[in-house]
Structures are given as C-alpha cells and as structure tokens.
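Novice: with the input below, show me the fold.
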Amino acid sequence: MKTTLTFLLWLFILTLLPLAAEPTVTAGTTAKKPLRIITEPASRGRLKDKHGSVYGMSTQIVKAIQKQVGDSTTIEILPWARAYAIAVSSDNVAVYDTIRTPDREHKFKWVGPIKLYSVNLYAKRGVVAPNASLADLLQNHVACETRNTSIVNELLTLGFEIDKNLILSLKSGDCYNMLKIGRAELIAMHGDVTPKRMSQLQDAGLDLQAVYPLQNIEMYLAFSRQVDDDVIQQWQCAFNKLVLQGQFRQLYEDEYPEVMISKIEGRAALSQQQLLCLL
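Specialist: Prediction:
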C-alpha cells in the first residue's frame, strides 16, 4: 500500500513538471514587435539599387539613425497611398517622407523635421503665364499630384476638381511624365530649387518655372501613435546627432538649399536642449 501511494505521488509530481517549465506570462506582458519602416518611390529620396535595396538621401538618413538606435529593420518601398494607409491603421510603423499638417498631427508621432521648404505650382516654360491668376489656372490648366498627399487637399481647397482639372497619380514620378506628354500642365514642387536640380529637370526635357505659390511644408518620419515615447525620443536624439555633427549637411548640401539646411540645424539644436539628448 505504501509503495502504491509513493508511486501515485511521483506520478502526480511528474504531471506538474511540464506546466512548471512553461514561461509565466503576467497580465499586460506582450512581445515587442519589430518596427516596420516604409517609404514611397521618389526621384531623389527613396530609390532601389539593382539588388533591390532602398537607397537615396532620405533613406541614408534613416539608415544612419537605425545604426545608432540598433534597429535592423529592412526598409520597404510602397506606393504612397498604400504606405500612408498602413501607417495610419497599424500599431508599429514608421513612414517617410511624411508632410506634417494639422489634420495629421494626432494620427502620428513625429521625428524630424528632415525637410523644410515652400511649395509652388510649376509649369513648363511658356505653357502658363508666370503671373497667371488662380481663375486662369482652374479654367485652362490641369494639375497633377500624388494621391493622398497634403498638396491634394490644398489643391481641392483652391478649387481644383479630381478627374476634371486634377489628376491623381500613385507615384510622385508619374506627374513629371504627365507634364512631358502634355496630359497635365501643373505640378507641385518645392520652391527653393537648386541650380543642380533645375539642370537635371531641363536635361529630362522639363524647363519649369513657378506660376503659383502654395503652402510651406515640413516633412518628417511619421510613427504610429502606439509606438512608445521612449522609442520616439531615441530616434529624435539620434537624428539630432546626425544634424549637429554635420552628417546631414554633408549629405544634403549639393541637392537642397542652404536656407533649408540651416533651419533644420536650428531645429535640431532646440530639440536637443528640450529632450536633453547626449551627443
């Protein structure tokens, strides 16, 4: 009888051992999800090389930040409309370059700014008068802009109508092609165009001139609202370091105007003081 009881006791203990080996999960404990980083195809900031890797000026900045913060996420490249939809609806996503506007403010957490500039409507030289009125533009010309950008909202507010005098494209480069083939006459572009960039456009058959002023814009890395504030501060401080130590200027000085670079350096210095970042 004693032997039987001892055997039953050991059998009961053995049945508990697998349960004891399982990790204990307390309420509120969740596995940390890797950050998903997305950008859109664009002429200078976000491109792919022959191996399929994303490169370009904006991407180099993002990759430099990743190196500092220890993030090894592979950057994805998707059409802007899709990238933006994913960023808004998901809980651990960063998307760039994203224009920061009042209606988007509460949808994201922001790191940057990585670009600051004014925006104008441009047209091929001789197609639209430099002093054209808004009424003339609305009545006689077609604009092209990438779908779901803040510029679209401004154009709609000005009176442009989709499928009437406003074409929406999936990729920003498509609008330049629309100008080339004559399907559109107006395109939004930042106003501080460097001589090098203007020369590149001219070589591509696009001798453009500004014809109407639009908004000033600020572009950032936009993170999902659910991303932890400590992660946002870590990324912002890493970006500040790149700017204040000159890497940002070195990368951008041949492509973007001095006024923009200087403003971003000033913003980074202020952010560093506010966040108590260590260089």
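Novice: how far off centre is stretch 262-278?
Specialist: 20 Å (CA atoms, centre = their mean, to the nearest Å).
Novice: er, stretch 81-89 I mean
Specialist: 11 Å.
Novice: equivalent analysis for stretch 177-197, please.
Specialist: 21 Å.
Novice: so where's the protein shaky on pLDDT?
Specialist: Within the chain, the ranges that satisfy pLDDT under 70 run 1-32, 42-55, 172, 192, 279.
Novice: ignoring the adjacent residues along the chain, who's closest to the residue nearest to the spatial centre of the chain?
Specialist: Closest to where the C-alpha atoms of the chain average out (CA atoms, centre = their mean) is residue 96, at 1.2 Å. Nearest-residue entry for residue 96: residue 221, 4.6 Å, with adjacent residues in sequence omitted and distances by CB to CB, 6 or more residues apart in numbering. The way it works is simple: take the backbone N, C-alpha and C, and place the C-beta from them, glycine included.
Novice: in contact with that neighbour, which residues?
Specialist: 62, 94, 95, 96, 97, 98, 110, 111, 112, 114, 235, 239 (CB atoms under 8 Å, 6 or more residues apart in numbering).
Novice: if we can go back for a sec, element containing the residue nearest to the centre of the chain, please.
Specialist: strand 93-99 (DSSP states H and E).
Novice: what helices or strands is that strand leaning on?
Specialist: strand 36-39, helix 57-69, helix 80-89, strand 108-124, strand 208-224 (3 or more CB pairs under 8 Å, 6 or more residues apart in numbering; DSSP states H and E).
Novice: ok and it relative to helix 80-89, angle-wise?
Specialist: 120 degrees (axes from the mean of the first three to the mean of the last three CA atoms, to 10 degrees).
Novice: and strand 93-99 with helix 57-69, angle?
Specialist: Using the same axes, to 10 degrees, strand 93-99 lies at 140 degrees relative to helix 57-69.
Novice: mind checking how far residue 142 is from residue 122?
Specialist: Separation of residue 142 from residue 122 (CB to CB, to the nearest Å) stands at 13 Å.
Novice: try residue 274
Specialist: 36 Å.
Novice: between those two, who's got more neighbours?
Specialist: residue 122 (23 against 10; other CB atoms under 10 Å).
Novice: so how far is residue 34 from the more buried one?
Specialist: When residue 122 is compared with residue 34 (using CB to CB), they lie 40 Å apart.
Novice: same check on residue 77?
Specialist: 17 Å.
Novice: higher neighbour count, the two?
Specialist: Taking neighbours as other CB under 10 Å, residue 77 and residue 34 compare with residue 77 leading, 18 against 11.
Novice: check contacts around residue 128.
Specialist: By CB under 8 Å, 6+ apart, the neighbours of residue 128 are 137, 141, 185, 186, 211.
Novice: and the nearest residue to it once chain neighbours are set aside, what does it touch?
Specialist: Using CB to CB, 6+ apart and skipping the chain neighbours, the partner closest in space to residue 128 is residue 211 (4.7 Å). By CB under 8 Å, 6+ apart, the contact set of residue 211 is 120, 121, 122, 123, 128, 129, 130, 132, 137, 186.
Novice: out of the contacts of residue 128, which are inside strands?
Specialist: Members of these lying in strands (criterion: DSSP state E): 186, 211.
Novice: and which of the contacts of residue 128 is nearest residue 169?
Specialist: residue 186 (13.0 Å; CB to CB).
Novice: close enough to count as contact, that closest one and residue 124?
Specialist: No: if you go by CB atoms under 8 Å, residue 186 and residue 124 don't touch, sitting 9.6 Å apart.
Novice: this protein: helices as residue ranges?
Specialist: 2-21, 57-69, 80-89, 134-140, 150-158, 172-181, 195-203, 229-244, 247-252, 258-275 (DSSP state H).
Novice: make TSV from those helices and add distance to residue 38 to it.
Specialist: As requested, the helices of the chain are exported to TSV (distance: least, CB to CB, whole Å):
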stretch	distance to residue 38
helix 2-21	39
helix 57-69	11
helix 80-89	4
helix 134-140	33
helix 150-158	18
helix 172-181	15
helix 195-203	25
helix 229-244	15
helix 247-252	21
helix 258-275	22
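Novice: residue 164: which of the ones you listed is closest?
Specialist: Comparing those by CB to CB, helix 134-140 comes nearest, at 9.4 Å.
Novice: I'm done for today, thanks for sticking with me.
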